[in-house]
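Asks: coords below, sequence missing:
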């Protein structure tokens, strides 16, 4: 064990604020790493760390420019929602408290229990390893909407991925200054190297995984997992969980949303945000290549948005991230050519398959190669009965690689938002698109989002799950108070953006998808922007406003034949059952925490269902 006075400090040697260094040394005394490396964010540093990871077998060089493959432990492949906690003095601050609410809208841990966990897990956890100190900014460095964090980690893989996903280095310390507040993020894989023991290729400690958040003190404590969602602490942990808690206090919103710019054929540009659960097409929509000539879509961000009303009552948004952490399976030159043009440079892939010539492959990418090495490092052939790539395999890619990157992506003031979309995978009943009648109804729609479960977390199968606001795994405080905050933000907006629900995944009687999706989604966005500007008609239904029979353009779709009546239908029996289930969900999972406005909206929905009882 190395004492603090003998522990080498490498990397950045000047400009580290004293209050940061005091905090680092405090944790170094607990975790007892062999040495400390303070990251400066330079290319030279990045190259050196990657060379070390290659020599250790953690990263495998690929044939593309500065691209690598990492294979995780098969037990460490996704976010661990059941072991993710919010720690506040009172349970009701973190999650709704009802008789049946256990774990559905987050998990609470008392401060005393968390303190005991820290004392149990962290002493000596970095022994024999390097502690990397990563100064990072979520959002443009120094921006009014931005937040600074310092992550300490014993994973060099985390260090190089954080350089992609966030803005890191000496410039962050300069912006922080001598007394600036920062989010304190502590991560360990939980696998000390005692007595000179050789490290595993992917160290982790699955039995003891914990990801805890302390919103009152802006602290994150992650242990046992190296998977990105659990270890890249600027991402879901800061940008959404702590971010949403900070946003409530400070009058803004942290949301699981893409931000895209849409330019119409006549040159008018509008920005939208859209909240979809993980692996439900956020990245594909953010990088849309429109099938209607003259439209152009540009990317501000594909996953997280921080939104704030400006002094004129206009809602504006920034992308706090600096990279893409996208799901690989299903991504192809057909489904998302912009993503494919972005990922073959300066990218770290995880748990994808590798071709014989050092390339990558995953299901949905294209024709199956005759021979592959699968995500576990085993030979794979087209007749193998296991997937070549893990369903939650990822690419970690710089934003700057994207050929459709919006010119305003670094604007510290954000971009003005003209419409907000919610969505999910709903095979039945939910129309292709509908619009809320007002902001309060839009908040209700967000609170009622449901979707088939995805591979991004540890859930099994394709059950339909509630995922309100696509934030269910990411709420940093009580969901009922979160709804109240949305309602309060709406009152600060001079003209609140209209709210829409989209569903690309409705299926017909034969089980096939009714809507082609991908580039054709511009047709739905065209209607949405028309509604936002007051130039498109709509038809009233129980759910809100849906397009008229000819409201969505179907011109020049070639051999694609659509049943728009089926796509836009709102079956009474389905919605009667849906309303009943929503009421049960509110009662059992949210209880007394639910604002009265949501009960009122549910009553109105049931009234409209009765009114439209003969309208399919």
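Replies: That came through fine. What you see is a predicted model, and the numbers here were worked out from it, not measured in a lab.
Asks: what pLDDT does residue 289 get?
Replies: pLDDT recorded at residue 289 is 95.
Asks: got a list of what it touches?
Replies: Residue 289 sits next to 297, 337, 338, 518, 519 when contact means C-beta atoms under 8 Å, 6 or more residues apart in numbering. Just so you know, the C-beta spots here come from the backbone N, C-alpha and C atoms, and that holds for glycine as well.
Asks: remind me which residues of the stretch 201-350 of the chain are low pLDDT?
Replies: 279 (pLDDT under 70).
Asks: Which stretches in it count as strands?
Replies: 210-214, 219-223, 253-255, 258-263, 269-275, 296-301, 305-309, 315-318, 323-327, 348-350 (DSSP state E, counting those that start in this stretch).
Asks: Please tabulate the contacts of residue 289 in JSON lines and include neighbour count and distance to residue 166 as additional columns.
Replies: JSON lines is the format used below for those (neighbours: other C-beta atoms under 10 Å; distance: C-beta to C-beta, whole Å):
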{"residue": "297", "neighbour count": "22", "distance to residue 166": "25"}
{"residue": "337", "neighbour count": "17", "distance to residue 166": "26"}
{"residue": "338", "neighbour count": "21", "distance to residue 166": "22"}
{"residue": "518", "neighbour count": "18", "distance to residue 166": "29"}
{"residue": "519", "neighbour count": "19", "distance to residue 166": "31"}
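Asks: if we can go back for a sec, let's have the strands of the stretch 201-350 of the chain in CSV, adding distance to residue 287.
Replies: Formatted as CSV, the strands of the stretch 201-350 of the chain follow (distance: least, C-beta to C-beta, whole Å):
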stretch, distance to residue 287
strand 210-214, 29
strand 219-223, 29
strand 253-255, 19
strand 258-263, 8
strand 269-275, 12
strand 296-301, 6
strand 305-309, 15
strand 315-318, 17
strand 323-327, 9
strand 348-350, 18
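Asks: Distance-wise, check the most centrally placed residue in the chain relative to residue 474.
Replies: Residue closest to the average C-alpha location in the chain (C-alpha atoms, centre = their mean): residue 303, at 4.6 Å. Separation of residue 303 from residue 474 (C-beta to C-beta, to the nearest Å) stands at 11 Å.
Asks: Return every residue with contacts to both of these two.
Replies: Looking at what touches both residue 303 and residue 474 (by C-beta under 8 Å, 6+ apart), the common residues are residue 256.
Asks: hang on, the earlier thing: what is the nearest of the contacts of residue 289 to residue 28?
Replies: The closest of the contacts of residue 289 to residue 28 turns out to be residue 338 (C-beta to C-beta; 42.4 Å).
Asks: Skip the chain neighbours and tell me the closest residue to the closest one.
Replies: Nearest non-adjacent residue to residue 338, counting by C-beta to C-beta, 6 or more residues apart in numbering: residue 287, 3.7 Å away.
Asks: Test my guess that the one you found contacts residue 297.
Replies: Yes. Counting by C-beta atoms under 8 Å, residue 297 is a contact partner of residue 287 at 7.4 Å.
Asks: Which residues are in contact with each of these two?
Replies: With C-beta under 8 Å, 6+ apart, residue 287 and residue 297 have common neighbours residue 404.
Asks: which stretches of the stretch 51-200 of the chain form helices?
Replies: Ranges of helices in the stretch 51-200 of the chain, per DSSP state H, counting those that start in this stretch, are 91-94, 111-121, 156-165, 170-176.
Asks: Deepest in the core, which of the ones you listed is it.
Replies: helix 156-165 (a mean of 25; mean count of other C-beta atoms under 10 Å).
Asks: could you check the angle strand 323-327 makes with that one?
Replies: 110 degrees (axes from the mean of the first three to the mean of the last three C-alpha atoms, to 10 degrees).
Asks: same question for helix 156-165, mean pLDDT?
Replies: The average pLDDT for helix 156-165 rounds to 98.
Asks: So which bits of stretch 357-369 are buried?
Replies: Residues of stretch 357-369 classed as buried by neighbour count (16 or more other C-beta atoms under 10 Å): 359, 360, 361, 362, 363, 365, 368, 369.
Asks: outside of it, which residues touch it?
Replies: With C-beta under 8 Å, 6+ apart as the test, stretch 357-369 has contacts from 61-64, 69, 328-333, 335, 349, 352-356, 372, 382, 387-389, 391, 393.
Asks: quick one: it to chain centroid distance?
Replies: Centroid separation for stretch 357-369 versus its chain: 25 Å, with C-alpha atoms, centre = their mean, to the nearest Å.
Asks: Could you do stretch 315-328 as well?
Replies: 8 Å.
Asks: how long is that stretch from one end to the other?
Replies: Stretch 315-328 has an end-to-end distance of 32 Å (C-alpha to C-alpha, to the nearest Å).
Asks: Next: stretch 360-378.
Replies: The first residue of stretch 360-378 is 14 Å away from its last residue (C-alpha to C-alpha).
Asks: cool, and stretch 287-306?
Replies: 19 Å.
Asks: Pull out the buried residues from that stretch.
Replies: Counting neighbours by 16+ other C-beta under 10 Å, stretch 287-306 gives 287-288, 290-292, 295-306 as buried.
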